[in-house]
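*Asks:* Build me a structure from this.
(one chain, ligands or ions: 2)
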Amino acid sequence: MTPATPRARCPPEGIQLYIRISMVGEGTYGKVYKARNRETGQVVALKRMRIDLDREGFPITAMREIRLLKQLQHPNITQVLDVVPESGNAVYVVMEYMDYDLSGLISHPQWNPDPAHKKSLVHQLLNGLEFMHAHGILHRDIKGSNLLVNQQGQVKYVDFGLARSFHHTRMQEFTNRVITLWYRPPELLLGTTVYGPEVDIWSLGCVLLELYLKRPAFQGQNDIDQLEQIFKLLGTPSPEVWESFKKLPWACYMTPSTRYENGLQAALTSKMSLGAVELISLMLSLDPKARPSAAQCLGHRFFAEEPAPVPPTTFPVTGDWHEYESKIERRKRKQAAKSQHQRRSSGTIN
Ligand code: ADP
Ligand code: MG
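*Replies:* Ligands and ions are numbered 1, 2, ... in the order given. Okay, here's the model as predicted:
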């Protein structure tokens, strides 16, 4: 009798190679999962992207995001490890796994990083942005949930779904309906369609302010309210601070009737060093032309003053903590408070 030949073990292929652990994000295009590679044990992130075909039948949006992420190899930009097609109309982008996002961390009541840790995050964020802009890419959706953090204290940009190439020497026309409202610069709210890297500098300025204040700086309900909140803190623009303001398409409809003075420096000096106040104030210049480039920000005196930057390595949660988990937690707390309130009020009736 011939001995049975051992059956060759088929290595898992495609998406079967990964075992899902949990969901960590749910966004515009699809879901993001924490997963493990069955062969190597490596923990990864899987972003499932629907493929919407354009008129020519080409999956332009998903392809653009994947191409940009693959092209931008930098320690402060999330690395793509693989792209796995799913049967039907989706692909999985396999990325290095990041434990937290900045939105989740900032909203965590027990996360209070030291000035040196904050400085490291600011420095890394500017480094990543400088690299992106030097490679002719605008991100156009910078906000806490698109900035990932790992347990080594590295911070990395993700979500290039709205990113576009730009020319360094020639201003181009784009849509102004980009960038999440709270991080959208005043010139876009006022209808400009000709812009460049200074829009990302504004958004990052808002994120840095949020890092120090522990809450989003401008939380507008709509475009007009957003602009009102910006002017309330930074002052209503005058020709001296923003010469071309009146030429913007919607300036005459959207200028607030109340005149506000710039109160940013006064509001911030008790919360951060003078260098940090100065850097954030420059990044949040109302006039886009007055905003420094990412390279200029990196040369700011804030980075020369004490303390030296140190990456944060202690976090309030050992597991994952993204905007997704923090929203679930907030919903649970609200629900618990509501049921407690209901229990109390039914107790008084009985
Ligand atoms: P969307 O375009 O849907 O906003 P994102 O790429 O921003 O998609 O992903 C949604 C969320 O998933 C992010 O805000 C983040 O919390 C989480 N996430 C994305 N990529 C990773 C990753 N590589 N590691 C860990 N979490 C991630
Ligand atoms: Mg996102």
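
*Asks:* neighbours of the residue of the chain at minimum distance from ligand 1, just the number please.
*Replies:* With Cβ to the nearest ligand atom as the measure, Gly27 is the residue of the chain nearest to ligand 1, at 1.5 Å. (Each C-beta comes from the backbone N, C-alpha and C, glycine too.) Residues near Gly27, counting by other Cβ atoms under 10 Å, number 15.

*Asks:* Please list all residues in contact with it.
*Replies:* By Cβ atoms under 8 Å, 6 or more residues apart in numbering, the residues touching Gly27 are Asp159.

*Asks:* What separation is there between it and ligand 2?
*Replies:* Counting by Cβ to the ion, to the nearest Å, the separation of Gly27 from ligand 2 is 5 Å.

*Asks:* Could you do Gly161 as well?
*Replies:* Counting by Cβ to the ion, the gap from Gly161 to ligand 2 is 7 Å.

*Asks:* Excluding chain neighbours, what is closest to that residue?
*Replies:* Sequence neighbours aside, Glu65 is the residue nearest to Gly161 in space, at 5.1 Å (criterion: Cβ to Cβ, 6 or more residues apart in numbering).

*Asks:* Run a quick check on the one you found versus Asn146, I expect a contact.
*Replies:* No - proximity of Glu65 to Asn146 does not meet the contact threshold set by Cβ atoms under 8 Å, at 11.8 Å.

*Asks:* okay, the two: which has more neighbours?
*Replies:* The residue with more neighbours, out of Glu65 and Asn146, is Asn146; 25 against 21, by other Cβ under 10 Å.

*Asks:* any idea how far ligand 2 is from Gln219?
*Replies:* Distance, Gln219 to ligand 2, using Cβ to the ion: 18 Å.

*Asks:* Could you measure from the closest residue to Val43 other than its chain neighbours over to ligand 2?
*Replies:* Sequence neighbours aside, Tyr97 is the residue nearest to Val43 in space, at 4.7 Å (criterion: Cβ to Cβ, 6+ apart). Distance of Tyr97 to ligand 2, computed by Cβ to the ion: 16 Å.

*Asks:* ok, Tyr97 - contacts?
*Replies:* Counting by Cβ under 8 Å, 6+ apart, Tyr97 makes contact with 34, 43-45, 150.

*Asks:* Then Gly153?
*Replies:* Contacts for Gly153 (Cβ under 8 Å, 6+ apart) come out as 117, 120-121, 310-313.

*Asks:* And the furthest pair within the residues you listed?
*Replies:* Maximum pairwise distance among the contacts of Gly153 (Cβ to Cβ): 12.1 Å, between Leu121 and Thr313.

*Asks:* With neighbour numbers in mind, choose between these two.
*Replies:* The neighbour comparison of Leu121 against Thr313 (other Cβ under 10 Å) goes to Leu121, with 23 against 10.

*Asks:* ok so that one is a helix residue?
*Replies:* Yes - according to DSSP: H, G, I helix; E, B strand; the rest coil, Leu121 belongs to a helix.

*Asks:* Out of the contacts of Gly153, grab the one that's most surrounded.
*Replies:* Top of the contacts of Gly153 by neighbour count (other Cβ under 10 Å): Leu121, with 23 neighbours.

*Asks:* got the contact list for the spatially closest residue to that one that is not a sequence neighbour?
*Replies:* Nearest non-adjacent residue to Leu121, counting by Cβ to Cβ, 6+ apart: Val155, 5.3 Å away. Val155 is in contact with 76, 102, 121, 124-125, 128, 147-149, counting by Cβ under 8 Å, 6+ apart.

*Asks:* mind checking how far Val155 is from Thr192?
*Replies:* Val155 sits 29 Å away from Thr192, going by Cβ to Cβ, to the nearest Å.

*Asks:* Lys332 now?
*Replies:* Distance from Lys332 to Thr192, by Cβ to Cβ: 42 Å.

*Asks:* So for those two, which residue has more residues nearby?
*Replies:* Using other Cβ under 10 Å, the more surrounded residue of Lys332 and Thr192 is Thr192, with 21 against 10.
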